[in-house]
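Enquirer: For reference, the sequence and a predicted model appear below.
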Amino acid sequence: EALEKGGYDHFMLKEIYEQPRSIHDCMRGRINLEDQLVSLGGILEYKDQIVNANRIIFVACGTSWHAGLVGEYLFEELARTPVEVEYASEFRYRNPVINEGDVVIAISQSGETADTLAAIELAKSKGALIVGICNVVGSSISRATHCGSYTHAGPEIGVASTKAFTAQVTVLTLMALMIGREKDTISNERFTRLLIDLHNIPDKVESVLKSDAKIQHIADIYKDAPNALYLGRGINFPVALEGALKLKEISYIHAEGYPAAEMKHGPIALIDEEMPTVVIATKDASYEKVVSNIQEVKARKGKVIAIVTKGDSVVSGIADHVVEIPKTDDLLVPLIATIPLQLLSYHIAVMRGCNVDQPRNLAKSVTVE
Ligand code: G6P
């Protein structure tokens, strides 16, 4: 087992560190910078149906559901296709409205999650085209779908999903770009810029991993916190949800992810000197608003750990700790901003003596309903 961990203390840490490679593998052969092309071979046969979809419905569970939420922003922004994101376990027990021209995209690392599989069967019986985004080749979900794209992240052993999530978001970005290109809902300049930025993501992830020692230091300060709040806006709201999920899964600290502006409708009541709030405060369209959300937390003496864009001097003047990440297109920030949150949870869990790779009560894939 030590050999399989490749020198790392845990599979989770190994898988976090594999992300420059796994994101690269996920894009390999799918982006052509020279010809300005994105091609996903596994969905080619059904491309027209996907491009012309009236509506796209993502079904997934857990971390994969968070990837779907990121996908919603990507598809709406780049492809202008209306999107709904559904918990498979809710979707399957409703009488969901599925019309002709709807496409259901199932996202699953393992490809074995029982609720996601059942949601697929239901949507299929109502005549929808089903597209899969799976990591495990030949899995039940990959076989139950009409077509799909594998994430190519390699085996993920740690129960808390890390590299599979960033690979799912990478595939969703590629799909949104492909559809947007076909529909002509992206300008040529934006398309080119996104392709270049996407191509550079593995290097940027690599550079974020260099902040590990700093993140470990932050983890040491907050390891005994009973609660934590994670805030983000726009496409970074799902990143906040995923950060909170990672912390509760492996460290057993109660954590909530919230859209930053919603904080004043509830979670703000929790803030005191003890409460750490992790904020994704990168320089994007909602930056100014997020800065005022940070000020609201600080005014109540809360502690703020902010994920900021490299060179930001405003947030570093207000927050208690900052972790810098390199600049990239707003739509690609989740691929980078997720990394420090994974590391933060990992170190806190290790310091608390938790079984990081096999947290209590959780399973890598939930094959029961
Ligand atoms: C379990 C795992 C999670 C995962 C979820 C969905 O809860 O512990 O890490 O996100 O299932 O799994 P899937 O394989 O369908 O992505």
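Expert: Received it, and whenever you're ready, just let me know what you need.
Enquirer: helices and strands around the one helix or strand residue 72 maps to, which ones?
Expert: Using DSSP states H and E, residue 72 maps to helix 62-74. Contacts defined by 3 or more CB pairs under 8 Å, 6 or more residues apart in numbering; DSSP states H and E place helix 62-74 against strand 55-60, strand 83-87, strand 102-108, helix 163-183, helix 237-251. Glycine gets a C-beta too; all of them are placed from N, C-alpha and C.
Enquirer: Can I get these in JSON lines including mean neighbour count?
Expert: Shown next, in JSON lines, are the helices and strands packed on helix 62-74 (neighbours: other CB atoms under 10 Å):
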{"stretch": "strand 55-60", "mean neighbour count": "26"}
{"stretch": "strand 83-87", "mean neighbour count": "19"}
{"stretch": "strand 102-108", "mean neighbour count": "28"}
{"stretch": "helix 163-183", "mean neighbour count": "25"}
{"stretch": "helix 237-251", "mean neighbour count": "26"}
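Enquirer: From start to finish, how long is stretch 41-54 in a straight line?
Expert: With CA to CA, to the nearest Å as the measure, stretch 41-54 spans 22 Å from end to end.
Enquirer: Please identify the buried residues of it?
Expert: By 16 or more other CB atoms under 10 Å, the buried positions in stretch 41-54 come out as 42, 43, 46, 50, 51, 53.
Enquirer: Let me have those in JSON lines, extended by distance to the ligand and pLDDT.
Expert: Shown next, in JSON lines, are these (distance: CB to the nearest ligand atom, whole Å; pLDDT from 0 to 100):
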{"residue": "42", "distance to the ligand": "18", "pLDDT": "96"}
{"residue": "43", "distance to the ligand": "19", "pLDDT": "97"}
{"residue": "46", "distance to the ligand": "22", "pLDDT": "98"}
{"residue": "50", "distance to the ligand": "21", "pLDDT": "98"}
{"residue": "51", "distance to the ligand": "26", "pLDDT": "98"}
{"residue": "53", "distance to the ligand": "22", "pLDDT": "97"}
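Enquirer: Among the residues you listed, which lie within helices?
Expert: Counting by DSSP state H, those place 50, 51 in helices.
Enquirer: quick one, phi/psi of the closest residue to residue 366 other than its chain neighbours?
Expert: Of all residues not flanking residue 366 in the chain, residue 113 sits nearest, at 5.6 Å (CB to CB, 6 or more residues apart in numbering). Torsion angles at residue 113 (phi, psi; degrees, to the nearest 10) stand at phi -60, psi 120.
Enquirer: what does the one 3 residues further on give?
Expert: According to degrees, to the nearest 10, the main-chain angles of residue 116 amount to phi -70, psi -40.
Enquirer: from here on, count from 20
Expert: Understood, numbering begins at 20; the last thing we discussed is residue 135.
Enquirer: So what touches the host helix or strand of residue 334?
Expert: Element membership of residue 334 [criterion: DSSP H and E] is helix 333-337. Contact with helix 333-337 is made by 300, 310, 313, 314, 317, 323, 325, 327, 341, as judged by CB atoms under 8 Å, 6 or more residues apart in numbering.
Enquirer: By neighbours, which of those wins?
Expert: The residue in those with the most neighbours, by other CB atoms under 10 Å, is residue 300 (32 neighbours).
Enquirer: give me every residue that touches that residue.
Expert: Taking CB under 8 Å, 6+ apart, we find residue 300 in contact with 306, 309, 310, 313, 325, 326, 327, 331, 334, 338.
Enquirer: what's the closest of the residues you listed to the ligand?
Expert: Looking at these and their distance to the ligand, the nearest is residue 326, at 21.5 Å (CB to the nearest ligand atom).
Enquirer: So for that closest one, what's the pLDDT?
Expert: Listed pLDDT for residue 326 reads 98.
Enquirer: ditto for the one 5 residues further on
Expert: Model confidence at residue 331, expressed as pLDDT, equals 97.
Enquirer: Which residue, other than its chain neighbours, is closest to the residue most central in space within the chain?
Expert: The centroid of the chain falls nearest to residue 86 when counting by CA atoms, centre = their mean (4.3 Å). Setting aside the residues directly before and after it, residue 86 is nearest to residue 187 in space (CB to CB, 6+ apart), at 3.8 Å.
Enquirer: List the contacts of the residue nearest to residue 164 when sequence neighbours are not counted.
Expert: Leaving aside its chain neighbours, residue 164 sits nearest to residue 151 (3.5 Å; criterion: CB to CB, 6+ apart). Contacts for residue 151 (CB under 8 Å, 6+ apart) come out as 124, 125, 127, 130, 160, 161, 163, 164, 166, 167, 168.
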